[in-house]
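Engineer: have a look; sequence and predicted model below, questions after that.
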Amino acid sequence: EVQLVESGGGLVQAGGSLRLSCAASGFTFDDYAIGWFRQAPGKEREGVSCISSSDGSTYYADSVKGRFTISSDNAKNTVYLQMNSLKPEDTAVYYCAAESVVCGNEYDYWGQGTQVTVSS
């Protein structure tokens, strides 16, 4: 059974940090790219970052560049999203998703999400 399980969300003050984890199972982790997305109430889902397990290529939305860092521990089948200098506009449910090989627009598997709330 394919599973993506996010953890690490919570409530933090503006300027603070959180580290999200995405633990994957049920598929060949090395063959997939893992992306992070977020959705705030009343807004469309937004791609935040992505990492390709095959070559480690990373991508970031302009809104998080310089503040967020994505990394992968292939031995643990886990992808992390280190979020620093958090802003209230980062408040959202954060999801991870898996897509075959490279970061793109056709994600096959999704997690259930973890809530991130940044207070001002």
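Structural biologist: Great, that's in hand.
Engineer: got the residue ranges for the helices in the protein?
Structural biologist: Ranges of helices within the chain: none, based on DSSP state H.
Engineer: now the spatially most central residue of the chain, which residues is it bridged with?
Structural biologist: What sits nearest the mean C-alpha location of the chain, by C-alpha atoms, centre = their mean, is residue 36, with 2.7 Å. The partner list for residue 36 in beta bridges (DSSP bridges) reads residue 49, residue 96.
Engineer: could you measure from residue 33 over to residue 50?
Structural biologist: Here the criterion is C-beta to C-beta, to the nearest Å. By it, residue 33 lies 6 Å from residue 50. C-beta coordinates here come from the backbone N, C-alpha and C atoms, glycine included.
Engineer: related to what we said a few turns ago, let me know whether the residue nearest to the centre of the chain touches residue 94 as I believe.
Structural biologist: Yes: if you go by C-beta atoms under 8 Å, residue 36 and residue 94 touch, sitting 6.1 Å apart.
Engineer: distance of residue 90 from residue 101?
Structural biologist: 29 Å.
Engineer: more crowded one of those two?
Structural biologist: residue 90 (22 against 13; other C-beta atoms under 10 Å).
Engineer: pLDDT at the residue nearest to the more buried one when sequence neighbours are not counted, what is it?
Structural biologist: Leaving aside its chain neighbours, residue 90 sits nearest to residue 118 (5.1 Å; criterion: C-beta to C-beta, 6 or more residues apart in numbering). In this model, residue 118 is scored at 98, pLDDT.
Engineer: tell me the bridge partners for residue 118.
Structural biologist: With DSSP bridges as the rule, residue 118 is bridged to residue 12.
Engineer: if I pick it, what's in contact with it?
Structural biologist: Residue 118 sits next to 11, 12, 13, 14, 16, 86, 87, 88, 89, 90, 91 when contact means C-beta atoms under 8 Å, 6 or more residues apart in numbering.
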